[in-house]
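# Sequence first, then the predicted structure:
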Amino acid sequence: MEFSIRNLMRDTSLPNTEILILLEKVLQKPKTWIIANDLNVISNVLFYKYIDLRNRRIDGEPIAYLVGYKEFMNNKFLVNRSVLIPRPETELLVDVAINSLKPSNGCRVLDLGTGCGAIAISIYLMKSNIEVVGSDIDLYALSVAEMNSRKLCANIDLIHSNWFDCFDSKMGKFDIIVSNPPYIHSLDKHLESGDLRFEPRIALTDELDGLSHISNIIYNARNYMNKGAYLWLEHGWDQSSMVKYLLKMAGFSNVNSFLDLSGIVRVTGGSI
């Protein structure tokens, strides 16, 4: 039996936008070509490739893992199941960090728990006259970040470290430290639903109350920050008050929070 692109586009089990994304992956053609050539018949091999992706998507697997990339800050980042999928709300963390940078050259930025490198690379691409370091505890995640840095021509340094554990005086200090750490409570039911089911649990939760990694970063960051430097953290919708409290207790000043596109307090930080 032969199937045209139009036949597949009539599938009602997925939104039309998702069908197009999967067809882009299978056919290796842009959406404009697919729409303009929808009467084309596809081979059995390509048909079954599409059906496999379609069925996995119906089962809930994230589109980003199926096609191997996710757009973030207008760039395509390679992703796989070793890394968290970059989300639109995390673009706020990049914007806040960029706005905190001094106008002079030579500023140093550290992204803790860099994952696929989306935050670190995006900051570098927007301010390429700075030094950017990304660290992660997971070597597989670092390999994805390395691929993305090469793909996007971002000259960033990548370090294998559990937060600050592998940092020493030779590493020097930073003007901006950013992090999107695992902040979901271990008992949060969302961990077992939607895209989160497929993402690396270590990147989502601390297996405690969601605040242990945030607290660790806050209380150790000062040792690696220049005078006047900023620390910015992404956190959960109900954690801003506690993050502010932890920052103030650790001696940070100019403590402030920012809302994401949904009107949720998503990023909080301060300076020393």
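Cool, the structure landed. Bear in mind that the values here come from a model prediction, so they are computed numbers and not experimental data.
# chain center to the top helix by length along the chain: distance?
The helix that spans the most residues within the chain, counting by DSSP state H, is helix 44-58. Taking Cα atoms, centre = their mean, to the nearest Å, one finds the center of helix 44-58 at 27 Å from the center of the full chain.
# just the helices in the stretch 51-200 of the chain please.
In the stretch 51-200 of the chain, the helices defined using DSSP state H, counting those that start in this stretch lie at 63-67, 91-100, 118-126, 139-151.
# other SSEs contacting the shortest one?
Just to be clear, that refers to helix 63-67. helix 16-27, helix 44-58 (3 or more Cβ pairs under 8 Å, 6 or more residues apart in numbering; DSSP states H and E). C-betas here are computed from N, CA, C, even on glycine.
# Count the residues that sit near the nearest residue to Val265 once chain neighbours are set aside.
With sequence-adjacent residues excluded and distances taken as Cβ to Cβ, 6 or more residues apart in numbering, Val265 is closest to Ser240, at 4.1 Å. Neighbour count for Ser240, taken as other Cβ atoms under 10 Å: 19.
# tell me the domain boundaries of this protein?
Domain assignment for the chain by automatic domain parsing gives 3-59, 81-271.
# could you list every residue that touches the residue nearest to Val265?
257, 265, 268 (Cβ atoms under 8 Å, 6 or more residues apart in numbering).
# List the contacts of the first one.
Neighbour list for Ser257: 240, 243-244, 265, 267-268 [criterion: Cβ under 8 Å, 6+ apart].
# Buried ones in the helix or strand harbouring it, by neighbour count?
Per DSSP states H and E, Ser257 falls inside strand 253-259. Using 16 or more other Cβ atoms under 10 Å as the test for burial, strand 253-259 gives 255, 257-258.
# Please apply the same query to stretch 186-203.
191, 195-196, 199-200, 203.
# can I get those residues in TSV with pLDDT and distance to Leu22?
Shown next, in TSV, are the buried residues of stretch 186-203 (pLDDT from 0 to 100; distance: Cβ to Cβ, whole Å):
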residue	pLDDT	distance to Leu22
Leu191	95	26
Asp195	91	16
Leu196	95	21
Glu199	98	19
Pro200	97	23
Ala203	97	25
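# and stretch 235-255, how far from the chain's centre?
Mean C-alpha position of stretch 235-255 versus that of the full chain (Cα atoms, centre = their mean) differs by 22 Å.
# same deal with stretch 180-196?
15 Å.
# That one: end-to-end distance?
15 Å (Cα to Cα, to the nearest Å).
# Look at the closest residue to Ile119 other than its chain neighbours and report its pLDDT.
The shortest distance from Ile119 to any non-neighbouring residue, by Cβ to Cβ, 6+ apart, is to Asp111 (4.9 Å). For Asp111, the pLDDT comes out at 99.
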